[in-house]
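Undergrad: Quick one, fold the following:
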Amino acid sequence: MLMRLIHSPLFERYQARIFLFVMGFVRRTTFGARAMLVDGKNVLLIKHTYTSGWMFPGGGVEVGDSALGTAKKELFEETGYRTNDRGQILSVYHNSEASKRDHVALFVFKQFEVARPFTPNAEIAEMGWFALDDLPHDATDATRRRISEYFGGTAISEDW
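TA: Numbering: from 1, shown residues only. Sure thing, here's the model as predicted:
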């Protein structure tokens, strides 16, 4: 019963909000960076163990780190993929779903290599390549919007 509660969407939403609220006392603004790996008409997505939906790899930018460095570091840690290019920044978004102070930078990479095989772990349950016309049914709305902005010519939003 407790495990079902912990993995419920309601609990996940409040868990993230509480974390970001507490971080607001430490950092006035929270800032994250995500990586979109593109191979033709395919994108790489991950699924966390602690929240629902497929999304791009990424994480919070720590003091002293750059957004680009964070995107590359999280990409490697979460997937085993490494990129040495600077990529292209698609945009910086306001993530008001998380908090009024959260922002996310999304970098697109087309040059990458497998540096180590992916193994599911305590943070990342699954990883996979998906064709644009065959995204998983539970890909997050934000992930779908970013893919549409990059591939479909949809206007880039300010909001994540």
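Undergrad: and Asp138, what pLDDT?
TA: Here the pLDDT value assigned to Asp138 is 97.
Undergrad: so how far is Phe118 from it?
TA: 19 Å (Cβ to Cβ, to the nearest Å). (Each C-beta comes from the backbone N, C-alpha and C, glycine too.)
Undergrad: Likewise for Thr140?
TA: With Cβ to Cβ as the criterion, Thr140 and Phe118 are 20 Å apart.
Undergrad: Also Asn42?
TA: With Cβ to Cβ as the criterion, Asn42 and Phe118 are 16 Å apart.
Undergrad: Report the rounded mean pLDDT for the top strand by length along the chain.
TA: Counting residues, the longest strand found in the chain (DSSP state E) is strand 30-39. Across strand 30-39, the average pLDDT comes to 96.
Undergrad: How about it, which residues are buried there?
TA: For strand 30-39, a neighbour-count test (16 or more other Cβ atoms under 10 Å) marks 30-38 as buried.
Undergrad: Run through who's touching stretch 153-160.
TA: 90-91, 93-98, 102, 104, 142, 145, 148-149 (Cβ atoms under 8 Å, 6 or more residues apart in numbering).
Undergrad: Just give me the closest of these to Phe19.
TA: Closest approach between the contacts of stretch 153-160 and Phe19, by Cβ to Cβ: Ala98, at 9.0 Å.
Undergrad: Could you tell me the model confidence score at that closest one?
TA: The model's pLDDT for Ala98 equals 75.
Undergrad: now swap in the one 5 residues further on and tell me
TA: At His103, the model reports a pLDDT of 94.
Undergrad: Looks to me like it is in a strand.
TA: Yes - per DSSP: H, G, I helix; E, B strand; the rest coil, His103 lies within a strand segment.
Undergrad: which residues touch it?
TA: Shown in contact with His103 (Cβ under 8 Å, 6+ apart): 29-32, 92-95.
Undergrad: List the contacts of Val114.
TA: Counting by Cβ under 8 Å, 6+ apart, Val114 touches 80-82.
Undergrad: Quick one: name whatever helix or strand follows whichever helix or strand Phe107 is part of.
TA: Using DSSP states H and E, Phe107 falls within strand 102-109. Using DSSP H and E, the helix or strand that directly follows strand 102-109 along the chain is strand 113-114.
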